[in-house]
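Trainee: Need a 3D model of the following:
(one chain, ligands or ions: 1)
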Amino acid sequence: MSTATIRPVQIAPSILNADWTRLADQISEAEAAGVDWITLDVMDGNFVPPITFGAQMASAVRALTDLPIEAHLMVEHPEDHIEDFIAAGVNCVTIHIETTRHPHRLLQRIADAGVEAGVTLNPGTPMSELDAVVPICDRIQIMSVNPGWGGQQFIPESLDRIKQARTMLDACGRERAHVAVDGGVNESTIAAIVKAGADWLVAGSAVYNDRESVADAVARLRRALPSD
Ligand code: DX5
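Mentor: Numbers count the residues shown, from 1 in each chain. This next block holds a predicted model:
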């Protein structure tokens, strides 16, 4: 792509921090607030300590919204689960490079199913672990917290990794692929994150919290985006 690719910034609230006793309302509030995706943080209690939910939750959320859904699999052996999430109707499956011996084959399987293939890595995993799969992924997701919980502090060293991810994707002609960021995205970090090259942002506690409505929270994030 000869001219600099302009990528609109997409916001994907994670339901991890939503009020699950009124999930339908929380999702419709996010829709009305103009978010672009819904993210499901799937945790198995092995790869990360907490357990959240499985593909049945994806089916339930699918029935609640027409927004595209990302399943972020923080699970060991994701190869055992991707078909269930694809059958549940998610639009992107993001796997952790640390959780499978066959990431290339797994990302191909996700893409062959017509679903966006995302790869992510923990803050302690070298970016070079992604080298072999960058040419076949639709997004690199930078974990800017150690996964497992919402409401954590953004790890500032993630900014360099965001830049590296954009460079890696562009270097192999994947200009249309996203650089996603997950963890500690809020009004004080969002401008630096986007300036570093991210265009797809997971936001949990910045959207779902007890300080303000979802509409006000999303508007606050959008106002904090860099203007240039
Ligand atoms: C893993 C989860 C969280 C969550 C975002 O920890 O992936 O990163 O989605 O939570 P916040 O936006 O509150 O850091």
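Trainee: Output stretch 86-103 in CSV with nothing but the alpha carbons.
Mentor: Presented in CSV, the C-alpha positions along stretch 86-103 are these (Å, rounded to 0.1, in the frame of the first residue of the first chain):
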residue,chain,number,x,y,z
ILE,A,86,-16.6,-20.4,15.5
ALA,A,87,-19.8,-22.4,15.6
ALA,A,88,-21.1,-20.0,18.3
GLY,A,89,-20.8,-17.2,15.7
VAL,A,90,-17.7,-15.2,16.8
ASN,A,91,-16.0,-13.1,14.1
CYS,A,92,-12.4,-13.3,15.4
VAL,A,93,-10.6,-15.9,17.5
THR,A,94,-7.4,-14.6,19.2
ILE,A,95,-5.0,-17.3,20.5
HIS,A,96,-2.0,-16.9,22.7
ILE,A,97,1.3,-18.0,21.1
GLU,A,98,2.3,-19.5,24.4
THR,A,99,-0.6,-22.0,24.4
THR,A,100,0.0,-24.2,21.4
ARG,A,101,2.8,-26.1,19.7
HIS,A,102,1.1,-25.5,16.3
PRO,A,103,0.2,-21.8,16.1
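Trainee: which parts of it are buried?
Mentor: 86, 88-97, 99-100, 103 (16 or more other CB atoms under 10 Å). Glycine gets a C-beta too; all of them are placed from N, C-alpha and C.
Trainee: near the ligand, which residues of this structure show up?
Mentor: Residues of the chain lying close to the ligand (CB under 6 Å from any ligand atom) are 14, 16-17, 41, 72, 145, 147-152, 182-185, 202-206.
Trainee: Just the buried ones among these, please.
Mentor: 14, 16-17, 41, 72, 145, 147-150, 182-185, 202-206.
Trainee: So which of these sit within strands?
Mentor: Using DSSP state E, the subset of these located in strands is Asp41, His72, Asp182, Val202, Ala203.
Trainee: what's the distance between the third one and Arg109?
Mentor: To tie it back to what came earlier, the one meant is Asp182. As for Asp182, its distance to Arg109 is 22 Å (criterion: CB to CB, to the nearest Å).
Trainee: and if you look at the first one?
Mentor: Counting by CB to CB, the separation of Asp41 from Arg109 is 21 Å.
Trainee: And for the fourth one?
Mentor: From Val202 across to Arg109, the span is 23 Å (CB to CB).
Trainee: Also the second one?
Mentor: In this view, His72 and Arg109 are 17 Å apart by CB to CB.
Trainee: Show the low-confidence segments of the protein, by residue range.
Mentor: 1-5 (pLDDT under 70).
Trainee: dump the residue contacts of the most centrally placed residue in the chain.
Mentor: The chain has Val202 as the residue nearest its centroid, 5.0 Å off, counting by CA atoms, centre = their mean. For Val202, the contacting residues are Ala12, Pro13, Ser14, Thr39, Glu70, His72, Gln141, Ala180, Val181, Asp182, Gly183, Val185, by CB atoms under 8 Å, 6 or more residues apart in numbering.
Trainee: same thing with Thr65?
Mentor: Ile27, Ser28, Glu31, Ile38.
Trainee: The first one: what's it in contact with?
Mentor: Applying CB under 8 Å, 6+ apart to Ile27 gives the contacts Ile15, Ala18, Ile38, Val61, Leu64, Thr65, Leu67.
Trainee: and it, which of the three is it?
Mentor: Secondary structure, DSSP: H, G, I helix; E, B strand; the rest coil: Ile27 is helix.
Trainee: what about Ala177, how many neighbours?
Mentor: For Ala177, the tally of surrounding residues (other CB atoms under 10 Å) stands at 26.
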